[in-house]
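In: Build the 3D model from these lines:
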Amino acid sequence: MVQTTRRIREYLRSIDIVVEVVDARIAYSGRNAILDKLAGNRFRLVVLDRDDLADPETTRAWLHTISSHGVKSVAVDGRMRRSVVRVAAAITGSSPKGARGTGTSRAMIVGLPNSGKSTIVNALLRRAAAKTEDRAGVTRQMQWFRLAPGLEIMDTPGVLQPKIANAAAQWKLAICGAVPRNRYDPQEVAEAFHRWLRERDPETGVPDLREFAAGRGFMRRGGEVDYHNAAQSYISAFNEGLFGRISLETPDDTQAA
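Out: Here you go, the predicted model:
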């Protein structure tokens, strides 16, 4: 992460536009203050990705909050080209036309690991140019692509803050895929998510981990629950939208102030 941050800082000298991709479900925890600082006074665009998995009303509130701070923002489903068109329009419409003397405008895609950066790049290019997987840490190198005549775009590895002090942010980042799978206990994350959900809606229809495990057959001989594998499947179900469209943070949350 330190090396990637250093390289981003170096490349930013020739960058006109900074596009920060953020998981719409964690629009506060999913942003990196280091990247925010590195962007400086360059034109910035915040892309709330996975709009299809987030609560629509909450996403609209985040768009309003971000724009109220003078930063342009759009919400998209990065897998859908017709949705990502909004990103292309925002970039080309605000392009400074090579303001740094290159004759070509250059945009850099930044964000946390597994935030959807490469998926959006592929949708913008209309081809599978950038490597993607549903896990953190897939993009390892800076990659330049030509988006249009006079406009180049760089995909970058995800950058996570060195220390995540807030326990709530830890499980939220983990369940949304920003943390490598070997860095957290899936059972603890699944249980933290359901506790959070029950605090907000005691009548929620989302099953807890034990109910989910029983329903999916994650039971060992003698009736013992296979919590580890059940928890991994539970997290996958959340990210597939099987529990509904859920945003984990709102602009007025005390933890997201």
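
In: Can you tell me how far the residue located most distally from the centre of the chain is from residue 211?
Out: Distance from the centre of the chain peaks at residue 222, with 40.3 Å (Cα atoms, centre = their mean). The spacing between residue 222 and residue 211, counted by Cβ to Cβ, to the nearest Å, is 19 Å. Backbone N, C-alpha and C define where each C-beta goes, glycine included.

In: Which residue ranges make up each domain of the chain?
Out: Domains of the chain are assigned by automatic domain parsing as 2-155, 167-256.

In: can you redo those domains as CSV with distance to residue 161 and mean pLDDT?
Out: Listed next are those as CSV, based on distance: least, Cβ to Cβ, whole Å; pLDDT from 0 to 100:
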stretch, distance to residue 161, mean pLDDT
domain 2-155, 6, 83
domain 167-256, 9, 93
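
In: how many other residues sit next to residue 124?
Out: Residue neighbour count, defined by other Cβ atoms under 10 Å, stands at 24 for residue 124.

In: which one of the domains of the chain is the most hemmed in?
Out: Comparing these by mean neighbour count (mean count of other Cβ atoms under 10 Å), domain 2-155 comes out on top with a mean of 18.

In: so how far is that domain from its chain's centroid?
Out: 10 Å (Cα atoms, centre = their mean, to the nearest Å).

In: Roughly how far does residue 44 sit from residue 70?
Out: Between residue 44 and residue 70 the distance is 9 Å, computed by Cβ to Cβ.

In: Could you check how far residue 181 is from residue 240?
Out: 16 Å.

In: so which strand or helix has the residue nearest to residue 164 when sequence neighbours are not counted?
Out: Leaving aside its chain neighbours, residue 164 sits nearest to residue 170 (5.1 Å; criterion: Cβ to Cβ, 6 or more residues apart in numbering). If you go by DSSP states H and E, residue 170 is part of helix 167-175.

In: Now that helix - C-alpha only, PDB.
Out: Taking Å, rounded to 0.1, in the frame of the first residue of the first chain, the C-alpha atoms of helix 167-175 are listed here in PDB:
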ATOM      1  CA  ALA A 167     -14.400  -1.600  14.700                       C
ATOM      2  CA  ALA A 168     -17.600  -0.900  12.700                       C
ATOM      3  CA  ALA A 169     -15.600   0.300   9.700                       C
ATOM      4  CA  GLN A 170     -13.500  -2.900   9.900                       C
ATOM      5  CA  TRP A 171     -16.500  -5.300   9.500                       C
ATOM      6  CA  LYS A 172     -18.100  -3.100   6.900                       C
ATOM      7  CA  LEU A 173     -15.000  -3.000   4.700                       C
ATOM      8  CA  ALA A 174     -14.600  -6.700   5.200                       C
ATOM      9  CA  ILE A 175     -18.200  -7.700   4.200                       C
END
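
In: Strands along this protein, start to end?
Out: 17-23, 43-49, 72-75, 105-111, 143-148, 151-155 (DSSP state E).

In: now these in CSV, with distance to residue 33?
Out: Output for those, formatted as CSV (distance: least, Cβ to Cβ, whole Å):
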stretch, distance to residue 33
strand 17-23, 11
strand 43-49, 14
strand 72-75, 17
strand 105-111, 12
strand 143-148, 25
strand 151-155, 21
